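> Predicted model, plus sequence, below.
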Amino acid sequence: MAMTGVEIFKLLPKTNCKKCGFPTCLAFAMKLAQRQADISACPDVSEEAKATLGEASAPPIRGMKLGVGEKATKMGEENVLFRHEKRFVNPCVFALNVPDSAGDDIVLTRAREVAESEIDRVGQKLRVEAISIEFASGDAARYAAAVKLAADTAPDAGLVLNCTDASAAKAAVQAVAARKPLLYGATAENMEAMAALAKENGLILAVRGQGLDEVTDLTAKAKAAGVNDLVMDGGAKTAREIIEQNTQVRRSAIKKGDKAVGFPIMTNCIREDSMLEATVAAVAVAKYSSIILISQAERWKNLALFTLRQNLYTDPQVPMQVPQKVYEIADPTPDSPLMITTNFSLTYFIVAGEVENSKVPARLAVMDCEGLSVLTAWAAGKFTANKIAQYITEGEGFDKVSKKELIIPGQVAILSGALEDKLPGWKITVGPREANGIPAFLKGRAA
Ligand code: SF4
């Protein structure tokens, strides 16, 4: 069970030295209890207390990484049931499944679809993270070859070995051991061999059962066999089963601290009908699945699922932002127009899109206003004449600008006088109130 703030407080040095960034040890303890701080922030806590707290403050859903290298994907580490309590931590992984019996051409095509699935949406890179190769041919050598082909074709993808035959899984693991594939295939029948294979190679083991009781029982057996990185698939098929089973697991792990179910959930959403598959996968995204198996990754489906996932896994308390910098659009020259806006992602993408539409080369200075839109940032005192002037004079990227004219959003036309005072030698021009007026505005100036 999670420790309370008072229980944690008893283990702290109680000197109120503030080195952790909190005014008192008790305040820090309360934040630790809410999992909003890390024990490492206190430099004076004893090793013994650290060990006790480390265990108690570990997330109720075990964290693990699928794959290797920079593009390895984190799973688990969830702390809450609802995202209004605190943000969900690690977005679910989509794994595109292909049977080895489909032939090399299809395996190659599916692996390429995974490798080329990445899109950029409001500044974030979104993709299908994994390829799952299903053992359907009955031929272990054929399976290992298909796994190797998929792994080589999608070098950044996580690998899922969808296989319950221990000897075929072993041959496939040997072919791609360095990629740390996830073994999706421990059942009541093969548990001993699969657990040994996962343990020997340091792999994540996905345990399959029919219903929560069986999968929990099997997970305990895998743990007893020495495998710690486990994933649970309780065999939920319908949307209702997925919601009921996944909610029960998440609730037990988080509210009751039940370690027996404190693992990421895997859900097989494969359906013959792609629209139905997308719908079932959407349910799994919304309700706690950490790995979602699909059989088709069409662009329309990817876009829908990526968007849903992105919206659920962003922090509702933190607006999406783009970095502060001067963005160059269409290869501007030193005397191209210089516009300014705030760093709220949607503001940036709308304004930058309209500047691109104008076909007029320009610079767009994006100022860090903590992700607020123009009017909100102005009202909050973050997009003021003083702050804009400071950014223009001290910020990076303005050294390439020779024409001292700054175009400000029409919504903050009121700032123009004060800005001219704060930026001597600069001409302040008021741009359009709405972004859709930008093309005509820029073209009119260029004419
Ligand atoms: S750094 Fe440690 S001792 Fe100092 S106030 Fe924070 S918790 Fe207390």
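Arrived safely.
> Kindly indicate whether the spatially most central residue of the chain is helix, strand or coil.
Centroid-nearest residue in the chain, with Cα atoms, centre = their mean: Pro91, separated by 4.4 Å. Following DSSP: H, G, I helix; E, B strand; the rest coil, Pro91 is assigned to coil.
> By mean pLDDT, point me to the weakest helix or strand of the chain.
The helix or strand of the chain with the lowest confidence, counting by mean pLDDT, DSSP states H and E, is helix 47-57 at a mean of 79.
> what's in contact with that helix?
Ala2, Met3, Ile8, Leu11, Leu12, Leu32, Arg35, Asp38, Ile39, Val45 (Cβ atoms under 8 Å, 6 or more residues apart in numbering). The way it works is simple: take the backbone N, C-alpha and C, and place the C-beta from them, glycine included.
> Out of those, list just those in helices.
Per DSSP state H, helices hold the following members of these: Ile8, Leu11, Leu32.
> show me what contacts the closest residue to the last one other than its chain neighbours?
Computed as Cβ to Cβ, 6 or more residues apart in numbering, the closest residue to Leu32 that is not its neighbour in sequence is Ile8, at 5.1 Å. Ile8 makes contacts with Ala29, Leu32, Ala33, Leu53, Ala56, as judged by Cβ under 8 Å, 6+ apart.
> Just give me the closest of those to Asp399.
The closest of the contacts of Ile8 to Asp399 turns out to be Leu32 (Cβ to Cβ; 45.5 Å).
> Need the pLDDT of the residue of the stretch 251-400 of the chain at minimum distance from the ligand.
Nearest residue of the stretch 251-400 of the chain to the ligand: Gly257, at 23.6 Å (Cβ to the nearest ligand atom). On pLDDT, Gly257 comes in at 85.
> Now do the same contact list for the nearest residue in space to Pro43 that is not next to it in sequence.
Excluding the flanking residues, the one nearest Pro43 by Cβ to Cβ, 6+ apart is Lys19, at 5.7 Å. The contact partners of Lys19, taken as Cβ under 8 Å, 6+ apart, are Ala41, Cys42, Pro43, Asp44.
> Then Val326?
Leu338, Arg363, Leu364, Ala365, Val366, Gly395, Glu396, Gly397, Phe398, Lys400, Val401.
> Type out the ChimeraX command that picks the buried ones from those residues.
Entered in ChimeraX, the line below selects the buried ones among those, by 16 or more other Cβ atoms under 10 Å:
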select :338,363,364,365,366,398,401
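> mind listing which of the contacts of Val326 are in strands?
The strands, defined by DSSP state E, take in Leu338, Arg363, Leu364, Ala365, Val366 from the contacts of Val326.
> Ala260 - that's part of a helix, no?
Yes. Applying three-state DSSP, one finds Ala260 inside a helix.
> What's the local residue count around the nearest residue to it once chain neighbours are set aside?
With Cβ to Cβ, 6+ apart as the criterion, Ala260 has its nearest non-adjacent residue at 5.4 Å, and that residue is Thr216. When neighbours are defined as other Cβ atoms under 10 Å, Thr216 has 20 of them.
> Touching, Thr216 and Phe263? I think so.
No. Thr216 lies out of contact with Phe263 (Cβ atoms under 8 Å); the separation is 9.7 Å.
> overlap in contacts of those two?
Shared contacts of Thr216 and Phe263, counting by Cβ under 8 Å, 6+ apart, come down to Met232.
> and the gap between Glu200 and Ser132?
21 Å (Cβ to Cβ, to the nearest Å).
> and if you look at Asp331?
In terms of Cβ to Cβ, Asp331 sits 43 Å off from Ser132.
> who's more crowded, these two?
Neighbour totals were compared for Asp331 and Ser132, and Ser132 leads with 29 against 7 (other Cβ under 10 Å).
> Kindly confirm my reading that that one is in a strand.
Yes. Counting by three-state DSSP, Ser132 falls inside a strand.
> quick one on the thing from earlier: helix or strand for the residue of the stretch 251-400 of the chain closest to the ligand, which one?
Under DSSP states H and E, no helix or strand contains Gly257.
> count of residues packed around it?
Gly257: 12 neighbours (other Cβ under 10 Å).
> That one and Ile61 touch, don't they?
No. Using Cβ under 8 Å as the test, Gly257 is too far from Ile61 to be in contact (11.2 Å).
> who in this protein is up against the ligand?
Proximity of the chain to the ligand (Cβ under 6 Å from any ligand atom) is limited to residues 12-13, 15-20, 22, 25, 28, 42, 44.
> 5 Å instead, please
Leu12, Pro13, Thr15, Cys17, Lys19, Cys20, Cys25, Phe28, Cys42, Asp44 (Cβ under 5 Å from any ligand atom).
> Sort out for me which of those residues are in helices.
Cys25, Phe28.
> most surrounded residue in the residues of the chain next to the ligand?
Phe28 (25 neighbours).
> That one reaches Leu12, doesn't it?
Yes. At 6.8 Å, Phe28 and Leu12 qualify as touching, with contact defined as Cβ under 8 Å.
> do you know how far Val89 is from Gly234?
From Val89 to Gly234 the distance is 22 Å (Cβ to Cβ).
> Phi first, then psi, for Ile294.
With angles defined as degrees, to the nearest 10, Ile294 sits at phi -130, psi 160.
> is it in a bridge, and if so with what?
Counting by DSSP bridges, Ile294 is bridged to Leu96.
> right, and it touches Asn97 too?
Yes. Shown here, Ile294 and Asn97 form a contact pair, counting by Cβ under 8 Å, at 6.8 Å.
> who has more neighbours, the two?
Higher neighbour count among Ile294 and Asn97: Ile294, with 26 against 21, using other Cβ under 10 Å.
> can I see the domain layout of the protein?
5-57, 64-313, 325-446 (automatic domain parsing).
> which among the contacts of Ile8 gets closest to the ligand?
Of all the contacts of Ile8, the ligand sits closest to Ala29, with 7.3 Å by Cβ to the nearest ligand atom.
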